[in-house]
Every structure is written in structure tokens, then in C-alpha cells.
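Asker: Sequence first, predicted coordinates after that:
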Amino acid sequence: MPQKPRRYFTLRLVVFCLLLLGSTLRGAPQSDKDKKWGYYPATYGDAAQFLEYSTWGPNWNFMFYLAGLGYEQFLEDQFVAPLSSYPTLPLVPATIPADCDTICRRDNYSMYPLQNRFYLNALYGQDQLRQRVAFALHQIFVVSGVDITHPSRMAPYLQILDRNAFGNYRQLLYEITLNPAMGNYLDMAGNNADNPNENYAREVLQLFSIGLNQLNENGTPVLDQYGQPVPAYDQNTVNAFARVFTGWNFAAAPATGIVNYIDPMVPTQRRHDVSSKILLQGVTLPANQSAAQDLSAAIDNIFMHPNVGPFIGKQLIQHLVTSNPSPVYVQRVARAFADNGLGVRGDMKAVIKAILLDDEAAQNPTPDPGEGHLRHPVLFVTSLLRAFNPRSADGLNISDGYLNPQNVNMGLDLFRPPSVFSYFSPSTGVPGSSLRGPEFGILNTSTSVRRANFVNTMVFSRVGVAANSPYGTSMDLGQFDAFAGNPEELVAILNPIMMRGRMTKGMFDAVVVAVKAVGANNPHRRVQTAVYLIATSAQYQVVR
């Protein structure tokens, strides 16, 4: 049985603190430095904004928690928070047994258990930052459940992302390279010297590490004398890496008819190409090395390439903070990747701190018009629910996590990205502008309406109990009913938690007018109206 919902700070306490402290937590900014992040949140809105980047959505618990610790200590605490992650599931035969019924197929041959576990972690887990970073890494180092259909085969891949989110990039790349799900997805498993497959070689360079073109430290492309980007490698380099990645396959089977997707892949030397290989930047691997030696040297060769810091750093900024980071922002993050201050390259903690504590992430008091990113469906779901104490349909337990159908309606099938380029193309632009906006790749007329439908379901109803949803999901809006008699106060209370305290005056006034149009004898409908209008607004759906 699920546990009962965590007891949250009551709205009375929240309002008392708001009234006692006004809009500030630690006084008005006193210097230009303080107008950015400073050391502690200056307002509840600032706290919520930081949590938008570092968690699956702010709630009052985390806002008070952050206010008491300050930004840097909050991150340090998150770095050591207990890991939520995913359980290691029993491996099953590749072919569905004849006696495997509907429940058996759901639990063993679909992403259902992992999707539900993801949402339970996101809604209730304390390791929020790790989860956000791991999901960003999943969108970079893609393995898709479209091809790897067994949850028991996908779970070890997800565990690698969780385990290494705060580790070192080199170790992450090494473990991902030998992960059986990745080996299956990009054909490194079974790769042999007689006919080397270049799929993993191509993608590890293009998508997982350095990108197609040489980059300056600030992420801008290096240009030749004709103003054209300079390629980072050529087909010969891909061929060489394809030969590096020969000789690897699944570890020993744990049982007859069961493929080992839990243990890292292992080498078979006789299937490995032992000729010399010229890798990135002219580095040559000598002939007659073992598969393990070649692999380790190749990972080092990639890891030390100057592109990795700006290439991976920029993508993490885009997934966590803004789709259009400035070159100087990327440069600062790339320098943290190159050296964490102690001479260590690839320290993910240093990179994450550089991303989240950067002045450009704060953009306070008002963001640049090009800042921010559209909430993708997963973040849209988690942000709304976490703001209002998510629980089961009857309110007596926690949610069961069965929320992926809501994602699918909005264009994102969790852990089933359609291609190695993830859920949406990283090159997608914001319609009608020159700005980059990858999440807009799955926003269209249909999915826009379904976003509103999701909000309507959660605000005015709930995800009910059904065969795949044994407890359902609802939100607790009842605590706000006591403030519905004063629409201005109600909207002011919702402003920090939902809008980071940045609701425009025009929007504030419009929501107040709509709330007043609902009879004062129906306070709960007033609350529902306010939450619905805010959550379906463009200002809410684009995090800035």
C-alpha cells in the first residue's frame, strides 16, 4: 500500500510568512551582485525560480528549505541526498511466453513500471536535482524503449544516469558505452572486426560528446577562411572508432534463454580489430592492443577533446535553464568542465553548480526576452502537481505514478523517444523568431489543446482509479479555499509558487476579474478558476 501523503506546510503558515516578511526573505538587494542570485533567495519568487531549474517543480516545502539554506548549501545537500533511482527488475525471455497475460505483458514488456517509478520519484523524491540532471542526460545519451521494450533491460541504463549525474563525465561515458541496452540500441553489442558497425561510433561523437564541428570555448563554431564551420572529424575517424568498438557483447547469460542486460558488456578478443587506429586530433592507437585497452584509450581521447565542455555544457544549460544561453554563459560552464578548481576535468558537480549559480540563470528582476524554455510535457505535469500536494484520487495516499498517458497526449512518451535525437530535435526554433526552442518541436494545435485538457483534468477532476491506475492522482487545492473571499490575495498567494512572483500586472488583473466572476458562495470554484487560468497561460508554460 502506498504511504499517506507527506504533511506539507499549511497555507496559513505560508501566508503568515508572506505577511510577516512582505515579498522578501532576506531584505531587498543592496548591490548589483545581489540583484542576481546572491547567497540566499531575496523573495519567494526567486526561490521558486531556482527550484524550477533544479527540481521537478517548486513546492512550499522546498521553498522554505531553500530559503533557510541558501543556494550553494541547497546544492551541496542535493548532491548527497539519498538516491531514488529504479529497481533492478528480473530479466525475462526476449519472446513473450504464451502464458503471459495482459498484466504480465504490461509489467515485463513495456515501459509501464519504469514510467510509474519515474513519476513517484519526481513527485516525492528528495533527490530532485539528481533526477533533473539524469533526465537531461537521458535526452543526450539516448536509449529508447521503442527498441528496448523490456523494462528490466532499460533499468540498468537509467541507473547509470542516476549514479553518474554527480560523478565524472568520463566515467559516465565509459559506463554508457558498455551498457547492454545502449549496446543493443546502437549496435555495439556483437560488433566484430570482420564487419565493423559504425552506429555507436558515429553517435558517441556527434551526440554524446563533441558534435559535428569544432567549437570555441564559448560554444560558437570555429570558422574557416570562407566563414564555414570546421568539421570536428571525418568519416575516417568514424571508421577508426567503429573498429575500436569491436569485440564487445553481452556478459554470460544468467539463465537459459535470458540475455544479460544487467552486467556491463564484456570483450571477446578474437572478434576485436587489433590494427592501429587514428582517432581525434591525430591520436594513434598502436596495433595489437586488447579490446579493453583500445576502449579505455578511445574514451580518454574523446574526453580530452576541447569540444566536450562547451558541447555537453550547453546542452545541460538548455535542458535545465534556457534554450538560448549566451556564449559567455556557455564559456563559464565549459571552464568549470575543464577544471573544477582543483585541477579535475569533467566534474559534473562543478558543471551543475556553474549552470545553476550563474548570473544569467537568475536574470533578476526581469528576464531577457530570449531567456527561458517551454516546459516539455513531463516538466509541465510534475510542476503543476508538485505545487499542490499530489496524492491519490481519494486523497488518502500518494499517487500511483500512472501519468505517462497524460504525457503521450501532449506529444512525449516517457522513455520512448522516437529517435537517437531524443523527444524533439535540438535544432527546433521558436515559431516566428530566430530563437532556439527544442520543446516547440512537439507543440502544435493538438498538443496545445491537450495541455489545457490536462490542466482541466487535474484542477476540476482527477486521474481516476482504473486497471493501470490502482490509486489515481489528484491535487490538493482545498487549502486555498479560505483565501477565495479576497481574489487579489488568492492570486497573490499563487503568484510565487506558480509564476515565480513574475506574473505581469495585466495577467494578475485578468485572473482577479475572472475569479470575481465566480460567486463568493463557491470558494473552491474560485480557486480552481485561478489555478486553471494561470496553468494554461503562456506565461506559465514558458519558464523564464
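Answerer: Structure received.

Asker: Show me where the stretch 1-150 of the chain dips below the pLDDT cut-off.
Answerer: Within the stretch 1-150 of the chain, the stretches falling below the threshold (pLDDT under 70) are 1-38.

Asker: The longest helix along the chain packs against which elements?
Answerer: The helix that spans the most residues within the chain, counting by DSSP state H, is helix 445-460. With contacts defined as 3 or more CB pairs under 8 Å, 6 or more residues apart in numbering; DSSP states H and E, the secondary structure elements packing on helix 445-460 are helix 377-387, helix 404-409, helix 523-535. C-beta here means a position set from N, CA and C on the backbone, and glycine is covered the same way.

Asker: And it, what's buried?
Answerer: Buried positions in helix 445-460, judged by neighbour count with 16 or more other CB atoms under 10 Å: Arg450, Arg451, Phe454, Val455, Thr457, Met458, Val459.

Asker: Now that helix: average pLDDT?
Answerer: When pLDDT is averaged over helix 445-460, the result is 97.

Asker: So Asp476 sits against Arg391, correct?
Answerer: Yes - applying CB atoms under 8 Å as the test, Asp476 and Arg391 come out as touching, 6.3 Å apart.

Asker: Tell me which of these two has more neighbours.
Answerer: When Asp476 and Arg391 are compared for neighbours, Arg391 comes out ahead with 24 against 14, by other CB atoms under 10 Å.

Asker: Next, the contact list for that one, please.
Answerer: By CB atoms under 8 Å, 6 or more residues apart in numbering, the contact set of Arg391 is Pro5, Asn397, Ile398, Ser399, Thr473, Ser474, Met475, Asp476.

Asker: for Ser290, same thing?
Answerer: Shown in contact with Ser290 (CB under 8 Å, 6+ apart): Pro267, Gln269, His272.

Asker: From the residues you listed, keep the buried residues only.
Answerer: Using 16+ other CB under 10 Å as the threshold, Pro267, His272 are the buried ones among the contacts of Ser290.

Asker: a markdown table for the helices and strands packed on helix 445-460, including distance to Asp101?
Answerer: Supplementary listing: the helices and strands packed on helix 445-460 in a markdown table, determined by distance: least, CB to CB, whole Å:
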| stretch | distance to Asp101 |
| --- | --- |
| helix 377-387 | 29 |
| helix 404-409 | 21 |
| helix 523-535 | 39 |
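
Asker: okay, these, which one's buried deepest?
Answerer: When neighbours are counted by mean count of other CB atoms under 10 Å, the highest per-stretch mean among those falls to helix 377-387, a mean of 24.

Asker: For it, report the contacting residues that lie outside it.
Answerer: Helix 377-387 is contacted from outside by 52, 55-59, 119, 122-123, 135, 375, 399, 403, 406-407, 410-412, 414, 442, 447, 451, 454-455, 458, 473, 475, 497-498, 535, 541, 543, using CB under 8 Å, 6+ apart.

Asker: Just the buried ones among those, please.
Answerer: If you count burial by 16+ other CB under 10 Å, the buried members of the contacts of helix 377-387 come out as 52, 55-59, 119, 122-123, 135, 375, 399, 403, 406-407, 410-412, 414, 442, 451, 454-455, 458, 473, 475, 497-498, 535, 541, 543.

Asker: Could you tell me which of those are located in strands?
Answerer: When DSSP state E defines the strands, the subset of the buried ones among the contacts of helix 377-387 inside them is Val543.

Asker: Please identify which of the contacts of Ser290 is nearest to Ile299.
Answerer: Checking those against Ile299 by CB to CB gives Pro267 as the nearest, at 14.0 Å.

Asker: ok, now which ones touch the closest one?
Answerer: With contacts taken as CB under 8 Å, 6+ apart, Pro267 has the following neighbours: Gly247, Trp248, Ser290, Ala291, Ala292, Leu295.

Asker: Please, where are all the strands along the stretch 51-200 of the chain?
Answerer: With strands called from DSSP state E, counting those that start in this stretch, the stretch 51-200 of the chain shows none.

Asker: let me redo that: the stretch 251-400 of the chain
Answerer: Counting by DSSP E, counting those that start in this stretch, one finds strands in the stretch 251-400 of the chain at the ranges 266-267, 277-278, 284-285, 373-374.

Asker: quick one: average confidence on the second one?
Answerer: Throughout strand 277-278, pLDDT has a mean value of 98.

Asker: Other residues contacting it?
Answerer: By CB under 8 Å, 6+ apart, the residues outside strand 277-278 that reach it are Asn236, Thr237, Ala240, Phe241, Arg243, Val244, Thr284, Leu285, Asp294.

Asker: If you rank those residues by neighbours, which is first?
Answerer: Neighbours here are counted as other CB under 10 Å. On that basis the top member of these is Val244, with 28 neighbours.

Asker: gap between the closest residue to Lys353 other than its chain neighbours and Phe421?
Answerer: Nearest residue to Lys353 in three dimensions, chain neighbours excluded: Leu75, at 5.8 Å (CB to CB, 6 or more residues apart in numbering). In this structure, Leu75 lies at 30 Å from Phe421, with CB to CB, to the nearest Å as the measure.
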